[in-house]
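Visitor: any chance you can model this:
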Amino acid sequence: MVFNPYDIGIVPPRILLAAGVVTRDMKHMMIRYTVKPELVEENSRLVRAVFAELRASAPKGLRYASMTSGDGHFVHLVSTESDDTGALTSLGSFENFVRDVRERCAQAPETTDLTVVGNYRLLEG
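Guide: Now for the predicted structure:
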């Protein structure tokens, strides 16, 4: 039998993470919705404000992207190191964004949990 210190907890998880021996399991979600045509620019402005605050605060353990097709369809991809999305949802700009989101939408937001099948640089930090 080969001695493996990782199996019996001798090496603390934070050391393993720092060494790249293990990675945290990321939770991935997709949120899709359609905004009323006259509110697309307002929605885009609110989304950009969230990203400005994220750049300023640089929360660890969060990856986030938002995309639009330009015709009112929006997709947000959120990856977190745990089920805790507080780094995003606690932002003042995010609270402003979600405050009236249902009123801006022609199609209400749908959240889907995702599992990564493949990734080429999109989800890297």
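Visitor: what about the strands in the chain?
Guide: For the chain, the strands defined by DSSP state E occupy 27-35, 62-68, 73-80, 105-114.
Visitor: what's around Asp83, how many residues?
Guide: As a burial measure, Asp83 scores 7 neighbours (other Cβ atoms under 10 Å). Yep, even glycine has a C-beta here, placed from its N, CA and C like the rest.
Visitor: what sits against it?
Guide: Each residue near Asp83 by Cβ atoms under 8 Å, 6 or more residues apart in numbering is listed here: Lys27.
Visitor: mind putting the strands of the chain into TSV with mean pLDDT?
Guide: Below are the strands of the chain laid out as TSV (pLDDT from 0 to 100):
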stretch	mean pLDDT
strand 27-35	96
strand 62-68	94
strand 73-80	95
strand 105-114	96
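Visitor: distance to Phe94 and mean neighbour count added to those strands, as JSON lines?
Guide: Listed next are the strands of the chain as JSON lines, based on distance: least, Cβ to Cβ, whole Å; neighbours: other Cβ atoms under 10 Å:
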{"stretch": "strand 27-35", "distance to Phe94": "12", "mean neighbour count": "17"}
{"stretch": "strand 62-68", "distance to Phe94": "10", "mean neighbour count": "15"}
{"stretch": "strand 73-80", "distance to Phe94": "11", "mean neighbour count": "18"}
{"stretch": "strand 105-114", "distance to Phe94": "13", "mean neighbour count": "12"}
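Visitor: quick one: which of these is nearest Leu54?
Guide: With Cβ to Cβ as the measure, strand 62-68 is the member of those nearest Leu54 (6.6 Å).
Visitor: what are the pairing partners of the closest one, and which direction each?
Guide: Strand 62-68 has the following strand partners under DSSP bridges: strand 73-80 (antiparallel).
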